[in-house]
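**Q** got a predicted structure plus its sequence, pasted below:
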Amino acid sequence: MAMSPCPYDLYAPAIDSDPFPIYAWLRDHAPAHWSERDRHWILTRYEDVSWAAQDWETFSSTSGNLVDEIPGRAGATLGSTDPPRHDRLRALAQAAFLKKNIEHLEAPIEEIADAALARITATRTFDFVTEYSSEITITILLRMMGLPAQDPREIRRKVVLSISTDKPARGRNQEQIDAFRWLAQFLEREVGTRRQAPSDDLITRLAEAEIDGERLSDREIIMTSATFVMAGIESLSSFMNLVALNLHDYPEARRRVVAAPSLMLAAVEESLRFNTSAQRFKRTATRDVTLHGQTIRKGDTVILAYGAANRDERKFSSPDIYDISRKPVGHLGFGGGKHFCMGSQMARFVTDVAMRRFLARVPEFRLTVPRDELAWISSSNFRSPVALPFEVT
Ligand code: HEM
């Protein structure tokens, strides 16, 4: 039987709106696939992606982990360094994620959520993205980092632009690069302020820290802080959007959570497997590796498709079903190995608190546009609807 043509194109709109049939094809027909046009490999099977994420000596991050890397970022952030420097940088930032610092966020989350819900239940039609998830994640993240409050819509616009790609250009355009520059300049001013007047926050900790007797450079402090802003805002608000969409698409699951709110954590965990906001990250091979009869050469770019690995039926039974009763142990929604997401506990906590609060006030809601007309952000790494126009029913 003739094999159907390969449907994979990282810059096709389908990668954003529905990558899962493409991933399934790759897992079955080309588990180590070379894209000649874009000159990268993509790995999609659970076993391969999980192994590559663990083996940082073979699959290095120092050339950057974003598929279309942002100029000036590679080598200066947690996600784009290898051990031993990576481990020291990670140890410095660890304190911000202690359980007590995370639990401290509960009251502020509830306060922001309640204000947003008062508006939502009054108007009854709303955009979940701008009026709920972004409001919460942006305010919380800025507070956690000790950054001054900003207009959440403007920050989201800049952050989404800075993680977006220009599909026809098959990479980043100037507007997207400028959006990241804006964020970097905002952080640069904040680093300058902390040098003058230290405070008890993550930026001061990075500014005062020493690795092997050396202070971090301004570029390292700014790029590392930018990673927190981008991950804390983009990955987290996008993820909350996907949880809301899953609970919309699967009303039985939603009703179970409404009846027993402690099930929200199970819904969050299954969403990380089923539909993570962090779909794909990049590595660079440091040696020749043979996989599925193909040779990945030293220096080749390799994309780890975490979102594809999470739908591999070799690992998870009936993977295309959203089932909050399953325990998706080992999912790669937060990646794996040395670069396993630093904000994983915070992300689970914020989403659990915010979504329980949401369902308590809005147990029934529906999209006001046809499901297949939702617009998706254009990104080679991340996944989120641009807007979720809901109506309280
Ligand atoms: C549900 C929301 C989130 C998802 C799905 C997510 C996902 C991921 C993934 C897949 C990675 C691995 C990247 C790689 O393999 O190169 C990662 C790394 C990272 N994430 Fe998250 N993330 C989320 C939220 C957050 C939050 C809230 C923060 C911080 C405020 C954060 C901070 C980081 C950092 C600093 C790294 C780099 C860790 C390292 O390289 O050692 N993330 N995240």
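**A** Now that the structure is in, tell me what you want to look at.
**Q** counting contacts, what elements does the longest helix anywhere in the chain pack onto?
**A** Among the segments of the chain that qualify as a helix by DSSP state H, the longest is helix 174-196. In terms of contacts (3 or more C-beta pairs under 8 Å, 6 or more residues apart in numbering; DSSP states H and E), helix 174-196 is packed against helix 152-162, helix 202-208, helix 218-230. C-betas here are computed from N, CA, C, even on glycine.
**Q** which residue does the stretch 251-393 of the chain bring closest to the ligand?
**A** Of all residues in the stretch 251-393 of the chain, the one sitting closest to the ligand is residue 343 (2.2 Å; C-beta to the nearest ligand atom).
**Q** residue 229 is in contact with that residue, correct?
**A** No - here residue 343 does not reach residue 229: they are 11.3 Å apart, not a contact under C-beta atoms under 8 Å.
**Q** who in the stretch 51-200 of the chain is up against the ligand?
**A** Contacts of the stretch 51-200 of the chain with the ligand, taken as C-beta under 6 Å from any ligand atom, map to 61, 65, 78, 79, 90.
**Q** closest to residue 22 out of the residues you listed?
**A** Set against residue 22, the nearest of those by C-beta to C-beta is residue 65 (21.4 Å).
**Q** so where's this structure shaky on pLDDT?
**A** 1-3 (pLDDT under 70).
**Q** before we move on, the earlier item: got a list of contacts for the longest helix of the chain?
**A** By C-beta atoms under 8 Å, 6 or more residues apart in numbering, the surrounding residues in contact with helix 174-196 are 70-73, 147-148, 157-159, 161-162, 164-166, 201, 203-204, 207, 218, 221-223, 225-226, 229-230.
**Q** give me the buried positions along it.
**A** By neighbour count on 16 or more other C-beta atoms under 10 Å, the buried set for helix 174-196 is 176, 179-181, 183-184, 186-188, 190-191, 193-194.
**Q** ditto for stretch 250-260
**A** Across stretch 250-260, burial judged by 16+ other C-beta under 10 Å covers 250, 253, 254, 256, 257, 258.
**Q** again with stretch 293-304
**A** If you call a residue buried by 16+ other C-beta under 10 Å, then stretch 293-304 has these buried ones: 296, 300, 301, 302, 303, 304.
**Q** let's have these in JSON lines, adding distance to the ligand.
**A** As requested, the buried residues of stretch 293-304 are exported to JSON lines (distance: C-beta to the nearest ligand atom, whole Å):
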{"residue": "296", "distance to the ligand": "17"}
{"residue": "300", "distance to the ligand": "17"}
{"residue": "301", "distance to the ligand": "13"}
{"residue": "302", "distance to the ligand": "12"}
{"residue": "303", "distance to the ligand": "11"}
{"residue": "304", "distance to the ligand": "6"}
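**Q** and the residues you listed, which of them are in strands?
**A** Among the buried residues of stretch 293-304, the members found in strands (DSSP state E) are 296, 301, 302, 303, 304.
**Q** from residue 31, how far out is the closest residue to the first one other than its chain neighbours?
**A** The one in question is residue 296. Nearest residue to residue 296, sequence neighbours excluded (C-beta to C-beta, 6 or more residues apart in numbering): residue 289, at 4.6 Å. Taking C-beta to C-beta, to the nearest Å as the measure, residue 289 and residue 31 are separated by 13 Å.
**Q** try residue 205
**A** Counting by C-beta to C-beta, the gap from residue 205 to residue 31 is 42 Å.
**Q** residue 99 contacts residue 345, correct?
**A** Yes - using C-beta under 8 Å, residue 99 is in contact with residue 345, at 7.1 Å.
**Q** before we move on, the earlier item: spatially, which two of the buried residues of stretch 293-304 are the most separated?
**A** Taking C-beta to C-beta as the measure, these reach their widest spread between 300 and 304, a distance of 13.1 Å.
**Q** return the alpha-carbon coordinates of the helix or strand hosting residue 51 using PDB.
**A** Take DSSP states H and E as the rule and residue 51 turns out to sit in helix 46-54. Below are the C-alpha coordinates for helix 46-54, written out as PDB (Å, rounded to 0.1, in the frame of the first residue of the first chain):
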ATOM      1  CA  TYR A  46       7.200   9.100  23.800                       C
ATOM      2  CA  GLU A  47      10.200   6.900  24.200                       C
ATOM      3  CA  ASP A  48      12.400   9.000  21.900                       C
ATOM      4  CA  VAL A  49      11.300  12.400  23.200                       C
ATOM      5  CA  SER A  50      11.700  11.300  26.800                       C
ATOM      6  CA  TRP A  51      15.200   9.900  26.200                       C
ATOM      7  CA  ALA A  52      16.300  13.000  24.200                       C
ATOM      8  CA  ALA A  53      15.000  15.300  27.000                       C
ATOM      9  CA  GLN A  54      17.000  13.300  29.600                       C
END
